[in-house]
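Trainee: below are the sequence and a predicted model; questions follow.
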Amino acid sequence: MIAFECISEAKRIEQNLANDIINYFIGLIIDAENSNVEIEKAFGVLASDTRQRGENIFNLLVSRFNSSGNEKEIVIIGNALSYTYLPKAAKIISNSCFKNQELYKCLIRMGDIAIDELVRLSQKEDIKAILTLKQIATPRAGQALMSLLWKDDEISKIAAWCLAELILNSNIKKEISESVFTQRQLKSEICEWAYQHNDTQRTENLHFIIGRVVYLISKPIEFKQDIEFNINPIVSIPVIINQFALLNKESWKIDDVKRSKKFILSIDDFKYIDHKLDQEKKKETGENTDKVSFEFLMKIWLVKNKYFIKKEEIAKKGSMLLKFIDKDKFPIFFNISNSLRNNILEIFTTHGKFGSKNDWINLLRKDMIDYEFAS
């Protein structure tokens, strides 16, 4: 291994000896059982050498990468190429990502060097590429995600979700504050009231981008794969305020809940809920519960007052209430911290509402929101 690592540094080395050493390790790197990170890194260092030997090794790796039909071997060679940290390696790896999803990890490793290729893939509606930008999480990655906020509808929404997790990172905030936007971008729709903070660090750019992100995240989205985010409260709370009216109008029927495998209650529990629903709804409409739907506030009122939910058990209550929310329609509730979600649902059950945009603006202007805690 030492001899292999020294090849790139050797000023003079017998060509046949160098070839023998390289061929030996080529045999190891294409063998998934014997290859390891140290061998991959050593190949990366050698292949990044600008001299002829380095170019030869790079071309050898590329040839094996493109011709191999073995997925494990492709990933191993992809790892070696990623350790070159060369833009041309990022391009080669990115061209095969759609065939082998493991290769996105190689691009994450390459960081900023891979961003141009990831943006290219993102513009082709490659959701995994957009998520990879989020994982890189550098200022350049934030800039790349920001550039996607004006692409096709689905691309812009996914990019907004990703940027929402990173947006208050101090380095990314700085990148946003120094950005220059086109007139077309500046005229795009935003949630104007989402970020009106009385803060010396706040810039018009940050106000604009947070408003754009909140606007996009508030729109319906269908995640075609299981994706998890941890959305910053500065973004998630305005989104929830926007969506509360829709959530409250979201209809359900008690029979749907009975059939749901997600929500397990006893027969006595269902009898209790049936009885309460009949009582409450007949007061309003005189109709039978089997024929009518109920608002979200009715659901949470029942859960709040149900004997098996102790009022002090906020986390338990929050978990119960979450089962009433459609994840596909309201994903924001599933992509915030547990403590924030439980507190929001507690406000729902206690006050029957969640505040308004004016409440949020006043809190921001009075510095009553610790907006830096997630940055």
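Mentor: Received it, and whenever you're ready, just let me know what you need. Numbering: from 1, shown residues only.
Trainee: per-domain residue ranges of the protein.
Mentor: 1-84, 233-365 (automatic domain parsing).
Trainee: lowest average pLDDT across these?
Mentor: Least confidently modelled of the domains of the chain is domain 233-365, at a mean of 66 by mean pLDDT.
Trainee: what's the distance between residue 95 and residue 120?
Mentor: Distance, residue 95 to residue 120, using Cβ to Cβ, to the nearest Å: 10 Å. All C-beta atoms are positioned from the backbone trio N, CA, C, and that covers glycine.
Trainee: residue 131 too?
Mentor: 15 Å.
Trainee: same check on residue 52?
Mentor: Distance, residue 52 to residue 120, by Cβ to Cβ: 30 Å.
Trainee: also residue 130?
Mentor: For residue 130, the distance to residue 120 - Cβ to Cβ - is 12 Å.
Trainee: more crowded one of residue 131 and residue 120?
Mentor: Of the pair residue 131 and residue 120, residue 131 is the one with more neighbours under other Cβ atoms under 10 Å, namely 20 against 14.
Trainee: the helix or strand that contains that one: which residues count as buried?
Mentor: Per DSSP states H and E: residue 131 is located in helix 127-136. For helix 127-136, burial by neighbour count (16 or more other Cβ atoms under 10 Å) applies to 127-134, 136.
Trainee: got JSON lines for these, with pLDDT and distance to residue 150 too?
Mentor: As requested, these are exported to JSON lines (pLDDT from 0 to 100; distance: Cβ to Cβ, whole Å):
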{"residue": "127", "pLDDT": "93", "distance to residue 150": "17"}
{"residue": "128", "pLDDT": "94", "distance to residue 150": "21"}
{"residue": "129", "pLDDT": "96", "distance to residue 150": "17"}
{"residue": "130", "pLDDT": "96", "distance to residue 150": "14"}
{"residue": "131", "pLDDT": "96", "distance to residue 150": "19"}
{"residue": "132", "pLDDT": "97", "distance to residue 150": "20"}
{"residue": "133", "pLDDT": "97", "distance to residue 150": "16"}
{"residue": "134", "pLDDT": "96", "distance to residue 150": "18"}
{"residue": "136", "pLDDT": "97", "distance to residue 150": "21"}
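Trainee: now tabulate these in JSON lines and tack on distance to residue 62.
Mentor: Formatted as JSON lines, the buried residues of helix 127-136 follow (distance: Cβ to Cβ, whole Å):
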{"residue": "127", "distance to residue 62": "27"}
{"residue": "128", "distance to residue 62": "22"}
{"residue": "129", "distance to residue 62": "21"}
{"residue": "130", "distance to residue 62": "26"}
{"residue": "131", "distance to residue 62": "26"}
{"residue": "132", "distance to residue 62": "21"}
{"residue": "133", "distance to residue 62": "25"}
{"residue": "134", "distance to residue 62": "28"}
{"residue": "136", "distance to residue 62": "23"}
